[in-house]
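Asks: pasting the structure only:
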């Protein structure tokens, strides 16, 4: 006859939950000494249980969060369930975002210990931060586009009214018509910029990624701008190892280097020939580092601040431009999972450091 399986007790069920839970669970006394720790916590700090039990929990935390944990543990020993967030390392782990709950353990109407449960919410926090950044960026985009549409549109409306008061054959009529044409052209350009930016946003994260020979893309960009480079007596030196490839969208790569090279030509220094150096190196696990450097006018980074890659921001107003190129460069780089930084000194030149996989 088949025997019935033994009935699990409440203690067995709790122990199973304690041992198998992916969240970190500790049992502490009032002095913050660890009386028990589940396997998830031990795996995170990479220590055996015998080296963890009977030690202060603060031994596994960075000093800056010690006061927070002391305060929350004291509050839990009043009988309250305490919940809070923390960003910190534990043991030798990398810093993570944690959602922490401290649950008092009661015996004879007094608190005899506290269970601490810590859930890793790093991905959630990163997603929320990205959504917040996107919303901020969208608000800025909406404001800037509205502002840039309002100017030429108001001018156009005013000029249309003025045309109605002028004789068709008069010099004033022709001058007004010319101004109207300019305003409408500006309006059209803003709408084209909007379409470009929104089309990129729609495709963000969906760009086809492939292994792209970087030298081929750079060569194509240089060839397409060769006439302008020669006219300004410029030189482009490219140092890319044979077979060097990046995981990217080819069209985005072309746009990145076309905009960087176009800007370098536009914002070159009058007192010296333009010199551009493009190098690429493999940083192993960090990714592929591409450096685009020129000896042009440079940018005052302190003055530029956080506006460096923002839409319609310009740093050399004496020269023509729309302030769209660097915005597109950063958008393309980040849509491919990369990052971009800039080093620059006024009248010395600018270097863009692009990291791709």
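Replies: Right, received. Where do you want to start? Quick caveat, the model's predicted, so the values are computed rather than measured.

Asks: Let me see the residues that make contact with stretch 212-226.
Replies: Stretch 212-226 is contacted from outside by 229, 236, 238, 240, 243-250, 253-254, 257-258, 261-262, 265, 278, 280, 288, 290, using Cβ atoms under 8 Å, 6 or more residues apart in numbering. Backbone N, C-alpha and C define where each C-beta goes, glycine included.

Asks: do stretch 56-66 as well
Replies: In contact with stretch 56-66 (Cβ under 8 Å, 6+ apart) are residues 26, 28, 31-34, 45, 52, 69-70, 86, 88-91, 116.

Asks: rerun at 10 Å
Replies: 26, 28, 31-34, 37, 41, 44-45, 47, 52, 67-70, 72-73, 86-93, 95, 98, 116 (Cβ atoms under 10 Å, 6 or more residues apart in numbering).

Asks: Show the buried residues in the contacts of stretch 212-226.
Replies: Neighbour counting with 16 or more other Cβ atoms under 10 Å marks 229, 236, 240, 244-246, 248-250, 253-254, 257-258, 261, 265, 278, 280, 288, 290 as buried within the contacts of stretch 212-226.

Asks: Report the separation between residue 73 and residue 98.
Replies: 15 Å (Cβ to Cβ, to the nearest Å).

Asks: Distance of residue 100 relative to residue 18?
Replies: 17 Å.

Asks: more crowded one of the two?
Replies: residue 100 (19 against 16; other Cβ atoms under 10 Å).

Asks: Pull out the buried positions in the helix or strand hosting the more buried one.
Replies: Here residue 100, judged by DSSP states H and E, is contained in strand 96-107. Of all the residues in strand 96-107, those buried under the rule 16+ other Cβ under 10 Å are 96, 97, 98, 99, 100, 101, 102, 103, 104.

Asks: start to end distance for stretch 222-237?
Replies: End-to-end span of stretch 222-237 (Cα to Cα, to the nearest Å): 10 Å.

Asks: Enumerate every residue touching residue 278.
Replies: Residue 278 neighbours (Cβ under 10 Å, 6+ apart): 214-215, 218, 221-222, 236-240, 257, 260-261, 290-294, 352.

Asks: Confirm that it sits in a helix.
Replies: No - using DSSP: H, G, I helix; E, B strand; the rest coil, the assignment for residue 278 is strand, not a helix.

Asks: what pairs with it across the strands?
Replies: As for beta bridges, residue 278 partners with residue 238, residue 292 under DSSP bridges.

Asks: Kindly report the same for residue 28.
Replies: residue 34, residue 114.

Asks: And it, what's its pLDDT?
Replies: We have a pLDDT of 94 for residue 28.

Asks: Tell me how many other residues crowd it.
Replies: 23.

Asks: do the same with residue 178
Replies: 11.

Asks: Phi, psi for it please.
Replies: Backbone geometry at residue 178, expressed as degrees, to the nearest 10, gives phi -60, psi -40.

Asks: distance of it from residue 158?
Replies: 14 Å.

Asks: since we're on the closest residue to residue 333 other than its chain neighbours, how many residues are nearby?
Replies: Once flanking residues are discounted, residue 333 sits nearest to residue 340: 4.7 Å by Cβ to Cβ, 6 or more residues apart in numbering. For residue 340, the count of nearby residues is 21 (other Cβ under 10 Å).

Asks: Direction included, what does the helix or strand where residue 340 lies pair against?
Replies: Residue 340 belongs to strand 339-345 when assigned by DSSP H and E. Paired with strand 339-345 in the same sheet, following DSSP bridges, are strand 349-356 (antiparallel).

Asks: I'd like the mean pLDDT over the strand it pairs with, please.
Replies: 94.

Asks: Show me the contact partners of the strand holding residue 340.
Replies: Residues contacting strand 339-345 (Cβ under 10 Å, 6+ apart): 256, 260, 287, 290-294, 296-301, 304, 308-309, 315, 326, 329-330, 332-334, 349-356.

Asks: Quick check: which helices or strands does the helix or strand residue 43 falls within pack against?
Replies: Using DSSP H and E, residue 43 sits within helix 39-45. Judged by 3 or more Cβ pairs under 10 Å, 6 or more residues apart in numbering; DSSP states H and E, the packing partners of helix 39-45 are helix 10-20, strand 24-28, strand 34-37, strand 110-120.
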